[in-house]
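[1] sequence and predicted structure below; questions after.
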Amino acid sequence: MITIKNAAAIRKMAQAGQLLATMLRDIVPLVKAGITTLELDSWIADQLRQNEMVSKTKGYMGYKHSSCISVNDELVHGVPRSSRVLTTGDLVTIDVCASWQGYCADMARNFFVGEVSEAARKIADVAQRSLDKGIEKARVGNRLGDISSAIQHEIEKNGFEVVRDFAGHGIGKQMHEDPEILNYGTAGKGPLLQPGMAFAIEPMLTDGHYDVYVDRDGWTVKTVNKRLCSHVEDTIVITHDEPLILTRLNSQTEHNLERMLP
Ligand code: MF3
Ligand code: CO
């Protein structure tokens, strides 16, 4: 069942989203050659604590960290490690899901370590654009398939492939709620979008075949062809007007929130 969030719930999710967006802005200067993914995770854990947020990944099915940090051929769920030292040219995805006063936001961004290849820049750019295209369709009167299909179209138009094994999701008190938001599908199909629905939209794309597998650590998802991939994520709310993107910094968020709350 897709739950409809009331204004109070959405205000809390918006606070969680703005705190995550602030963190993933402030982490940029730290994502440099020489730092380990475990050090980045510790910084994130610290920030969550300082902002009275609770990690939703720590303790989830035995996962021990406050973030997932995936590098190059790692798509999602990269486990932070002291042995994973970032080097120039790495394409890094940092994914954090946390709650504030019991309500979640979920966000992921790509980061470049020093100078990266043209290929890395391109796949990151297409990932972000496909997310934007999906979000544009997150409007009352549209259907869930409109979001999925817009993401797929943008990815495939640019010569990349859509990962089938993972998807976005509804979000609220829980990190994962209904519905499942596939990154491929048919426009005009699926449930009608209604004000107060909250979604974590997260395109996942590969350079070459979309096959992925789970590493021996039991978590890290990698491309079979060992080539680059990308994943980005925002948490949004359907309103009467345009979608409210909770995980993008916006001095107008407070204003928009009051104007657009369902
Ligand atoms: N933030 C992730 C998501 O988008 C959750 C990862 S689950 C974990 O759904 F346990 F691996 F962290
Ligand atoms: Co998510």
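    Received the coordinates, thanks. Numbering: from 1, shown residues only. Ligands and ions are numbered 1, 2, ... in the order given.
[2] how about the residue most central in space within the chain, phi and psi?
    Centroid check for the chain by CA atoms, centre = their mean gives residue 233 as the closest residue, at 2.0 Å. Dihedral angles of residue 233 (phi, psi; degrees, to the nearest 10) stand at phi -150, psi 140.
[3] tell me the pLDDT at the closest residue to residue 11 other than its chain neighbours?
    In space, and not counting its chain neighbours, residue 11 is closest to residue 257: 6.5 Å by CB to CB, 6 or more residues apart in numbering. Heads up, the C-betas are built off the backbone N, CA and C, glycines and all. Model confidence at residue 257, given as pLDDT, is 71.
[4] doesn't residue 257 lie inside a helix?
    Yes. Per DSSP: H, G, I helix; E, B strand; the rest coil, residue 257 lies within a helix segment.
[5] so who does it touch?
    By CB atoms under 8 Å, 6 or more residues apart in numbering, residue 257 lies in contact with 10, 11, 14, 244.
[6] for the stretch 151-262 of the chain, what lies in contact range of ligand 2?
    Residues of the stretch 151-262 of the chain lying close to ligand 2 (CB under 5 Å from the ion) are residue 200.
[7] and the residue of the stretch 151-262 of the chain nearest ligand 2?
    residue 200 (4.0 Å; CB to the ion).
[8] in three-state terms, label that residue for me.
    Applying three-state DSSP: residue 200 is strand.
[9] need the contact list for it.
    Taking CB under 8 Å, 6+ apart, one finds 97, 106, 168, 169, 170, 171, 181, 233, 234, 235 in contact with residue 200.
[10] export those to TSV and append columns for secondary structure and pLDDT.
    Formatted as TSV, the contacts of residue 200 follow (DSSP: H, G, I helix; E, B strand; the rest coil; pLDDT from 0 to 100):
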residue	secondary structure	pLDDT
97	strand	99
106	strand	98
168	strand	99
169	strand	99
170	strand	99
171	coil	98
181	strand	98
233	strand	98
234	strand	98
235	strand	98
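[11] in stretch 239-246, what counts as buried?
    239, 243, 244, 245, 246 (16 or more other CB atoms under 10 Å).
[12] confirm that residue 5 sits in a helix.
    No. Counting by three-state DSSP, one finds residue 5 to be coil, located in no helix.
[13] quick one: contacts for it?
    Going by CB under 8 Å, 6+ apart, the list of residues near residue 5 reads 13, 172, 196, 197, 198, 237, 262.
[14] equivalent analysis for residue 162, please.
    151, 152, 155, 156, 183, 184, 203, 204, 205, 210.
[15] same check, this time on residue 168
    Contacts of residue 168 by CB under 8 Å, 6+ apart are 180, 181, 182, 183, 199, 200, 201, 202, 233.
[16] at 6 Å instead, please
    For residue 168, the contact set (CB atoms under 6 Å, 6 or more residues apart in numbering) comprises 181, 200, 201, 202.
[17] what about the first one, how many residues nearby?
    Right, the one you point to is residue 181. Look at residue 181: counted by other CB atoms under 10 Å, it has 23 neighbours.
[18] residues in contact with the nearest residue to residue 230 once chain neighbours are set aside?
    Closest residue to residue 230 apart from its sequence neighbours, by CB to CB, 6+ apart: residue 127 at 3.8 Å. For residue 127, the contact set (CB under 6 Å, 6+ apart) comprises 203, 205, 230, 232.
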